[in-house]
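*Asks:* One predicted model, sequence on top.
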Amino acid sequence: MKVDPVTLMGKVVRLEPLSEAHVASLAKVGLESKIWRFMRYGKIESEEQLATWVRELLDLQALGTDLPFAVIHLSSGEAVGCTRYLNIDPPNRSLEIGGTWYGLDYQGTMVNTECKYLLLQHAFEKLKCIRVWFKADARNLRSIHALERIGAVKEGVLRNHMILPDGTIRDSVVFSLLPEEWPQVKHALETQLNSR
């Protein structure tokens with residue numbers, strides 16, 4: 001399994017390799033404190049902090065552990081969020097989808113549904129993953145419900161999993177999908193995407 005930078009094209013969004021060129025566009029939608037509440041990075045409150053965060057993700061990409069994407073809203077041409085593959089594990093053909101955030105105006109829209117569809121399709125059909133997993137802060141009911149809605153299987157809770165920058169001790173809920181589950185999940189996601 002070789003995970004190289006790739007652009008994934010949908011009808012609502014395009015996922016393209018994240019770069020420092022996206023920072024200004026992301027700063028227009030990504031500096032709201034609500035966005036970062038459950039993220040392990042802490043709050044990002046300035047364009048400079050966002051630029052540092054992007055550079056850190058690009059460093060992880062260089063190490064081969066992560067592949068970050070800018071989420072480009074096709075109708076506006078603007079970056080409206082980020083998502084990524086992380087914990088990339090080629091020997092075990094496994095990876096996590098996470099680190100996802102969207103500007104407040106794009107939350108609860110087809111943006112997330114299509115992003116997950118594109119990432120899962122690429123992971124299962126091109127990369128031939130045997131496991132794709134997700135984790136969410138146990139307090140982040142919006143993310144947990146989104147994962148349940150796409151058909152991800154809840155595996156359990158990692159108790160006291162991490163300490164966030166504000167000192168909060170976070171429990172993480174872990175979900176996964178396997179190749180044999182992908183056809184049903186794919187059909188459900190396509191139905192959701194085609195119903196709008």
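*Replies:* That came through, no problem.
*Asks:* what distance separates stretch 171-188 from the centre of its chain?
*Replies:* Counting by C-alpha atoms, centre = their mean, to the nearest Å, stretch 171-188 is centred 14 Å from the centre of its parent chain.
*Asks:* Next: stretch 125-142.
*Replies:* On the basis of C-alpha atoms, centre = their mean, stretch 125-142 sits 8 Å off its chain's mean C-alpha point.
*Asks:* One more: stretch 140-147?
*Replies:* 12 Å.
*Asks:* need the helix or strand of the chain with the lowest average pLDDT.
*Replies:* helix 33-36 (a mean of 73; mean pLDDT, DSSP states H and E).
*Asks:* Residues in contact with it: which ones?
*Replies:* Here helix 33-36 makes contact (C-beta atoms under 8 Å, 6 or more residues apart in numbering) with 42-45, 101-104. Any C-beta I mention is one placed from the backbone N, CA and C, and that applies to glycine too.
*Asks:* Pull out the buried residues from those residues.
*Replies:* 43-44, 101-103 (16 or more other C-beta atoms under 10 Å).
*Asks:* Can you tell me how far the residue lying closest to Ser94 once chain neighbours are set aside is from Val80?
*Replies:* Spatially, and ignoring its direct neighbours in sequence, Ser94 is nearest to Arg131 (4.2 Å; C-beta to C-beta, 6 or more residues apart in numbering). Arg131 sits 28 Å away from Val80, taking C-beta to C-beta, to the nearest Å as the criterion.
*Asks:* Thanks a lot, catch you later.
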